[in-house]
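Trainee: Sharing a sequence plus its predicted fold:
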Amino acid sequence: MSWSGIAAPVLDLPLTTSSAAIIFTVAAVVGLGVLAIRRSRRWLLLLPVLGLCALAMAVIAAVVVEKLWRPFPDRLPTTVYVWAGLALLALALLVGRWFCRDREHRHVLAGCGLIAAWLVVTVAAAAQINAVYDEYPTVRAALGVSDYRTVSFDELTRVDTVPSDTWSPPPDLPSSGAVTTTPIPGATSEFEARGANIYLPPAYFTDPRPELPVLVLLAGQPGSTEDWLVGGELTQTMEAFAAAHSGLTPIVVLADGTGSEFANPMCVDSHLGNVATYLSVDVPEWVRSNLQVDTDPGAWAIGGLSYGGTCALQLATLRPDVYPTFLDMSGQAEPTLGDRTSTIDEVFGGDGAAFDRIDPAYLLAHKRFPDSAGAFVVGADDSEYRPGVEQLAASARAAGMDVHLTELPGGHSYEVWSAGLEKELPWLSQRLGLVDP
């Protein structure tokens, strides 16, 4: 058996199941026990102090994240802070044990055991935080080991094209599609975007090539253009659909909607970056010039998760001529930096009317969109985002959009978003004219 054959079962081990959660919880308890239990009066006196230090560090970190740094538009779940606090407690215990060693416990193996216990708790805490969002569902995903085919963008060649409804799969149709990575410059917007990842289905690698529709798909915030390939299981979803539809799927452009991991430019044109112009002008123009696709706006859609879902609805209401179809997965009730007052002050200079002009809820209440269609997806357990999504879906319907709302088991996580993409892909492909109703 090859090394790859041996490694595959390990790489594919799930990290976010209930069984995995039990294993990580037990591991954390055992690790903390190893670090905390010691027969020493001095240690028993020091132990509460270390616990208070860890608690203080966790509280300070929460204040910095929620009040000062604010890298996230919404408050982090309490579970995240609990597990982060336990990781800090493990670190405090390790430091305390290290400096309180007596002669009997200064053996190298004893020290290695303490470090190992700290690592176990830290990894378990990270795994439990990961389970909140389901971002890395397997060991493979956590290690960044891809299981999909990749091609260099420079290797893509231009061939003859035909409309997708007249194209027939050739005998040598590739068994899989591929992912390519390339920069998409902000020629008009001057937005400094990170490189895009693009999924190309098997049909794209044929001659003649069908003119395929395009889905611009956005990650959340914080996030990167690789998130849909990892937690979102994009390639698995698209490959399964292609296998059932003669190699056909929309081309998926994983474009950058933030500029960096923790940036929150709110998908508008402002001093934070001209994201709206980048996604509605630069990206479509680049795709039409550099890939062979269906250029009809009716064959174009934009979608995303969380921040990306908010952004998708923003562009669907601001530029329905570019994106008449959208997919809003667990988007926010409105674009935000945390609260409306701060958002208006920091981004729009206190101009509430300027905020209204980019707010989907306001636009849906004051305009009609009879030629637009969209899908809203949200987790049934997502108590923070679900009310806003439900209200926006109702507003979109009242504004003349052809929309539907899908609630799936789960919270604000990739458990919902990956399943949501899989569920909505048939509808999306029909809407974009790729497959028959």
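Mentor: Right, received. Where do you want to start?
Trainee: From now on I want contacts and neighbour counts done on CA atoms only, so please keep to that.
Mentor: Fine.
Trainee: quick one, strands of the stretch 151-300 of the chain?
Mentor: For the stretch 151-300 of the chain, the strands defined by DSSP state E, counting those that start in this stretch occupy 161-163, 178-182, 196-200, 209-211, 214-218, 251-254, 269-270, 273-274, 300-305.
Trainee: Of the ones you listed, flag the one that's most buried.
Mentor: Comparing the strands of the stretch 151-300 of the chain by mean neighbour count (mean count of other C-alpha atoms under 10 Å), strand 300-305 ranks first with a mean of 28.
Trainee: Name the next helix or strand following it along the chain.
Mentor: helix 307-318 (DSSP states H and E).
Trainee: residues contacting T225?
Mentor: R194, G195, A196, N197, L218, A219, L254, A255, D256 (C-alpha atoms under 8 Å, 6 or more residues apart in numbering).
Trainee: Turn these into a markdown table, columns for distance to F348 and pLDDT.
Mentor: Listed next are the contacts of T225 as a markdown table, based on distance: C-alpha to C-alpha, whole Å; pLDDT from 0 to 100:
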| residue | distance to F348 | pLDDT |
| --- | --- | --- |
| R194 | 25 | 96 |
| G195 | 28 | 96 |
| A196 | 28 | 98 |
| N197 | 31 | 97 |
| L218 | 24 | 98 |
| A219 | 24 | 96 |
| L254 | 28 | 98 |
| A255 | 25 | 98 |
| D256 | 22 | 97 |
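Trainee: Check the burial of R319 by counting its neighbours.
Mentor: 15 (other C-alpha atoms under 10 Å).
Trainee: what sits against it?
Mentor: Here R319 is in contact with S280 (C-alpha under 8 Å, 6+ apart).
Trainee: still on that earlier bit, among the strands of the stretch 151-300 of the chain, which comes closest to L93?
Mentor: strand 300-305 (38.4 Å; C-alpha to C-alpha).
Trainee: Show me what the mean pLDDT comes to for that closest one.
Mentor: Computed over strand 300-305, the mean pLDDT rounds to 98.
Trainee: likewise stretch 85-94?
Mentor: On average, stretch 85-94 scores 88.
Trainee: What are the contacting residues of that stretch?
Mentor: 32, 35-36, 47, 50-51, 53-55, 57-58, 114-115, 118, 121-122, 125.
Trainee: can you list the weak-confidence ranges in this protein?
Mentor: Along the chain, the parts satisfying pLDDT under 70 run over 1-8, 73, 101-110.
Trainee: what are the phi and psi values for the residue nearest the centre of it?
Mentor: The centre of the chain sits closest to A219, judged by C-alpha atoms, centre = their mean, with a distance of 4.1 Å. When read as degrees, to the nearest 10, the backbone of A219 gives phi -90, psi -180.
Trainee: Quick check: the gap between it and G420.
Mentor: As judged by C-alpha to C-alpha, to the nearest Å, A219 and G420 stand 14 Å apart.
Trainee: what sits in contact with each of the two?
Mentor: With C-alpha under 8 Å, 6+ apart, A219 and G420 have no common neighbours.
Trainee: out of the contacts of stretch 85-94, which are buried?
Mentor: Neighbour-count burial (16 or more other C-alpha atoms under 10 Å) is assigned, among those, to 32, 35-36, 47, 50-51, 54-55, 57-58, 114-115, 118, 121-122, 125.
Trainee: Among these, which lie within strands?
Mentor: Among the buried ones among the contacts of stretch 85-94, no member falls in strands (DSSP state E).
Trainee: ok, back up a step: for the residue nearest to the centre of the chain, which non-adjacent residue is spatially closest?
Mentor: Closest residue to A219 apart from its sequence neighbours, by C-alpha to C-alpha, 6 or more residues apart in numbering: G308 at 5.2 Å.
Trainee: ok, the one you found - contacts?
Mentor: Neighbours of G308 in contact, by C-alpha under 8 Å, 6+ apart: L217, L218, A219, G220, Q221, G257, D328, M329, G331.
Trainee: and the gap between it and D351?
Mentor: From G308 to D351 the distance is 24 Å (C-alpha to C-alpha).
Trainee: what's the answer for G31, then?
Mentor: Counting by C-alpha to C-alpha - G31 and D351 are separated by 53 Å.
Trainee: With Y204 instead?
Mentor: 47 Å.
Trainee: So between the two, which is more surrounded?
Mentor: Y204 (28 against 12).
Trainee: T325 is in contact with Q430, correct?
Mentor: No - between Q430 and T325 there is no contact under C-alpha atoms under 8 Å: 11.3 Å.
Trainee: And those two? Which one has more around it.
Mentor: Between Q430 and T325, counted using other C-alpha under 10 Å, T325 has the larger neighbour count: 30 against 13.
Trainee: quick one: contacts for the more buried one?
Mentor: G298, W300, A301, I302, A316, S372, A373, G374, R431.
Trainee: so which strand or helix has D328?
Mentor: Using DSSP H and E, the element containing D328 is strand 325-329.
Trainee: helix or strand for E407, which one?
Mentor: Counting by DSSP H and E, E407 is found in strand 402-408.
Trainee: got the angle between that strand and strand 325-329?
Mentor: Counting by axes from the mean of the first three to the mean of the last three C-alpha atoms, to 10 degrees, strand 402-408 lies at 20 degrees to strand 325-329.
Trainee: can you list the residues that contact strand 402-408?
Mentor: By C-alpha under 8 Å, 6+ apart, strand 402-408 touches 370-380, 390, 393, 396-397, 416, 419-420.
Trainee: now, which of the residues you listed lie within helices?
Mentor: Members of those lying in helices (criterion: DSSP state H): E390, A393, A396, R397, V416, A419, G420.
Trainee: by contact count, what packs against the helix of greatest length in the chain?
Mentor: Ranked by residue count and defined by DSSP H, the top helix of the chain is helix 108-133. Applying 3 or more C-alpha pairs under 8 Å, 6 or more residues apart in numbering; DSSP states H and E, one finds that helix 108-133 contacts helix 18-36, helix 78-99.
Trainee: Could you list every helix and strand that the first one packs against?
Mentor: Helix 18-36 is packed against helix 78-99, helix 108-133, with contacts defined by 3+ C-alpha pairs under 8 Å, 6+ apart.
Trainee: how far out from the middle of the chain is it?
Mentor: Helix 18-36 has its C-alpha centroid displaced from the chain centroid by 28 Å (C-alpha atoms, centre = their mean, to the nearest Å).
Trainee: Many thanks, we can stop here.
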